[in-house]
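Undergrad: Provided below are the primary sequence and the corresponding predicted coordinates.
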Amino acid sequence: MTVLSVSHLSKCYANYASSLERFAGWFGAPVKPIEEFWPVKDVSFSVTAGEALGLIGQNGAGKSTLLKMITGTVRPTEGAAQVVGRISAILELGLGFNPEFTGRQNAFHAGGLMGLSQSRLAELMPHIEDFAEIGEFFDRPLRTYSSGMHARLAFALATADRPEVLIVDEVLSVGDSYFQHKSFDRIRSFKAAGTAIILVTHAMGDVRTLCDRVILLDKGHVLKDGPPDEVIDYYNALIAAKENEKLTVEQRREKDQWLYTRSGNKAVMVESIELTDSGSGASVKTALSGQSLTIRARITAKEAVPELVVGFMLKDRAGHVVWGTNTWHTNQVLSKLEPGDKVECRLRLSCALGPGSYGLSIALHTGDVHIDSNFDWIENVEVFDVINSTDPFFIGTSRLEHAFEIVR
């Protein structure tokens, strides 16, 4: 069932030559503004019950304006947003809170603004206090709170009564690790119970973990709407592309459904990459857990570059990063490559992975991250399976050396 429907939603902020012209425009007079700014333009999507949607994009992409129109705190210029049931949102830290009120008073006050009755809030108050875990500060003025305590109170209030739609906008990033885990457990339980989730964050790991679908906003428009791995990989490549106008982005799905994303300015390129057994040198498509593997990458410089850093990264089937490093961090940066120079980079590693499918990515760049002078960056250039045929059964993506000791 669709619980949120956004149809051609747009917001325009206009500047007029005078306040009188602005006032006349409110009443439908044909007054043309001298300047218009559209932070959101013609955005449409829908969210079903139990679906988690990630909303990502760089600062200024229009995410916050879009959320404010969905929740009704900002009136759209065009289009409409329809919600079936109650919507609860944490858009800004302490939004609707009074710094002179105590946490308890703010919960009653802000909860009333959310549409909850005072009797219902009184019923929920012990649960809000228990979940926030701020102790005696719950009855102290909000001005004495840290940002983390603000986040605890705001989240505890917004999720005290399960809504049909829950919007979380970046606020959890200020909380401590314990509360972040606790909050995401509650979000997952709401999702399982049928609440639609809209998560706005720059933490792509959280998006991959929680979301079923991701929308990428850029300059107020929907640039991409699809599976998390596809949209996030495209977003990462887009960020790098904005650093260099010569950079290109290519994305496609292979027949095995792994997403292949390649970007770079092509000053240095990967010619071939192969995963092999370290002992025999044979190509590997299915590795044994614990096997010694070697990644061989052949690289050619197309232009003169002052330095080259080679990086590798492993992801699991869900797109979560399992491991990664590069030659910047191992102090093995190559310098002064000339056009036509060829390099073979070999990385030997123990396959300390659990059974499953994994994607190997490679990046050629300068500096410690690929955003600096991105030459060639390929997500999921190689996909391989790992099986366990020798060790006792275990779960997870990591094969940890272990030994039980039983004392009676």
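TA: Received the coordinates, thanks.
Undergrad: Please count neighbours and contacts with C-alpha atoms only from this point.
TA: Fine.
Undergrad: sec struct for residue 9, please.
TA: Look at residue 9: counting by DSSP: H, G, I helix; E, B strand; the rest coil, its state is strand.
Undergrad: give me phi/psi at the closest residue to it other than its chain neighbours?
TA: Once flanking residues are discounted, residue 9 sits nearest to residue 79: 4.2 Å by CA to CA, 6 or more residues apart in numbering. Dihedral angles of residue 79 (phi, psi; degrees, to the nearest 10) stand at phi 80, psi -170.
Undergrad: what do you get for residue 70?
TA: Note on residue 70: backbone dihedrals following degrees, to the nearest 10 are phi -60, psi -40.
Undergrad: and the closest residue to it other than its chain neighbours, what helix or strand is that in?
TA: Leaving aside its sequence neighbours, residue 70 sits nearest to residue 81 (CA to CA, 6+ apart; 5.6 Å). According to DSSP states H and E, residue 81 maps onto strand 78-83.
Undergrad: which parts of that strand are buried?
TA: 79, 80, 81, 83 (16 or more other CA atoms under 10 Å).
Undergrad: Note down every partner strand of that strand and its orientation.
TA: Strand 78-83 has the following strand partners under DSSP bridges: strand 2-15 (antiparallel).
Undergrad: tell me the mean pLDDT for the strand it pairs with?
TA: Averaged over strand 2-15, pLDDT sits at 94.
Undergrad: and it, which residues are buried?
TA: Neighbour-count burial for strand 2-15, counted by 16+ other CA under 10 Å, picks out 3, 4, 5, 6, 7, 8, 9, 10, 11.
Undergrad: so the fourth one makes contact with residue 44?
TA: Yes. Here residue 6 lies in contact with residue 44, judged by CA atoms under 8 Å, at a distance of 5.0 Å.
Undergrad: From residue 233, how far out is the residue nearest to the spatial centre of the chain?
TA: Geometric centre of the chain, nearest residue: residue 204, 2.6 Å, by CA atoms, centre = their mean. From residue 204 across to residue 233, the span is 10 Å (CA to CA, to the nearest Å).
Undergrad: Model confidence score at the residue nearest to residue 70, please.
TA: 95.
Undergrad: again with the one 4 residues further on
TA: The per-residue pLDDT reported for residue 85 equals 90.
Undergrad: what sits against it?
TA: Residue 85 is in contact with 3, 163, 164, 165, counting by CA atoms under 8 Å, 6 or more residues apart in numbering.
Undergrad: can you rerun that using 7 Å?
TA: Shown in contact with residue 85 (CA atoms under 7 Å, 6 or more residues apart in numbering): residue 164.
Undergrad: Equivalent analysis for residue 75, please.
TA: Shown in contact with residue 75 (CA under 7 Å, 6+ apart): residue 69.
Undergrad: That one: what secondary structure?
TA: When classified by three-state DSSP, residue 75 comes out as coil.
Undergrad: Use 21 as the first number from now on
TA: Okay, using 21 as the starting number, the last item reads as residue 95.
Undergrad: Just checking the distance from stretch 380-391 to the centre of its chain.
TA: Computed by CA atoms, centre = their mean, to the nearest Å, the chain-centroid distance of stretch 380-391 equals 19 Å.
Undergrad: Need the residues that contact it.
TA: Contacts for stretch 380-391 (CA under 7 Å, 6+ apart): 260, 327-335, 348, 392-403.
Undergrad: Same check on stretch 54-68?
TA: Defining contact as CA under 7 Å, 6+ apart, one finds that stretch 54-68 is touched by 21-37, 82, 86, 216, 239-242.
Undergrad: buried stuff in it?
TA: The neighbour-count check on stretch 54-68 (16+ other CA under 10 Å) flags 58, 59, 60, 61, 62, 63, 64, 67, 68 as buried.
Undergrad: Tabulate those (TSV), appending secondary structure, distance to residue 107 and pLDDT.
TA: Formatted as TSV, the buried residues of stretch 54-68 follow (DSSP: H, G, I helix; E, B strand; the rest coil; distance: CA to CA, whole Å; pLDDT from 0 to 100):
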residue	secondary structure	distance to residue 107	pLDDT
58	strand	25	93
59	strand	23	94
60	strand	21	96
61	strand	23	95
62	strand	22	95
63	strand	19	96
64	strand	18	96
67	strand	13	96
68	strand	13	96
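Undergrad: Dump the residues you listed into TSV; add distance to residue 313 as well.
TA: Formatted as TSV, the buried residues of stretch 54-68 follow (distance: CA to CA, whole Å):
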residue	distance to residue 313
58	52
59	49
60	49
61	50
62	50
63	47
64	47
67	43
68	44
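Undergrad: now for the residues you listed, which pair is the farthest apart?
TA: 58 and 68 (27.4 Å; CA to CA).
Undergrad: can you list the domain ranges for the chain.
TA: Domains of the chain are assigned by automatic domain parsing as 22-248, 272-407.
Undergrad: With respect to residue 415, which of these lies nearest?
TA: With CA to CA as the measure, domain 272-407 is the member of these nearest residue 415 (6.7 Å).
Undergrad: centre of the chain versus that closest one, how much separation?
TA: Using CA atoms, centre = their mean, the offset of domain 272-407 from its chain centre is 23 Å.
Undergrad: now stretch 177-194
TA: Remark: stretch 177-194 is offset 16 Å from the chain centroid, using CA atoms, centre = their mean.
Undergrad: For residue 190, which non-adjacent residue is closest in space?
TA: For residue 190, ignoring the flanking residues on the chain, the nearest one in space by CA to CA, 6+ apart is residue 221 at 4.8 Å.
Undergrad: circling back: tabulate the CA atom coordinates of the strand holding residue 101 in PDB.
TA: Extracted in PDB, the C-alpha atoms of strand 98-103 (Å, rounded to 0.1, in the frame of the first residue of the first chain):
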ATOM      1  CA  GLU A  98       3.600  23.500  -7.500                       C
ATOM      2  CA  GLY A  99       2.500  19.900  -7.000                       C
ATOM      3  CA  ALA A 100       1.400  18.100  -3.900                       C
ATOM      4  CA  ALA A 101       2.400  15.500  -1.300                       C
ATOM      5  CA  GLN A 102      -0.200  13.100   0.100                       C
ATOM      6  CA  VAL A 103       0.300  11.000   3.200                       C
END
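Undergrad: Pull the residues that contact it.
TA: Contacts for strand 98-103 (CA under 7 Å, 6+ apart): 23, 24, 25, 26, 27, 28, 29, 30, 31, 90.
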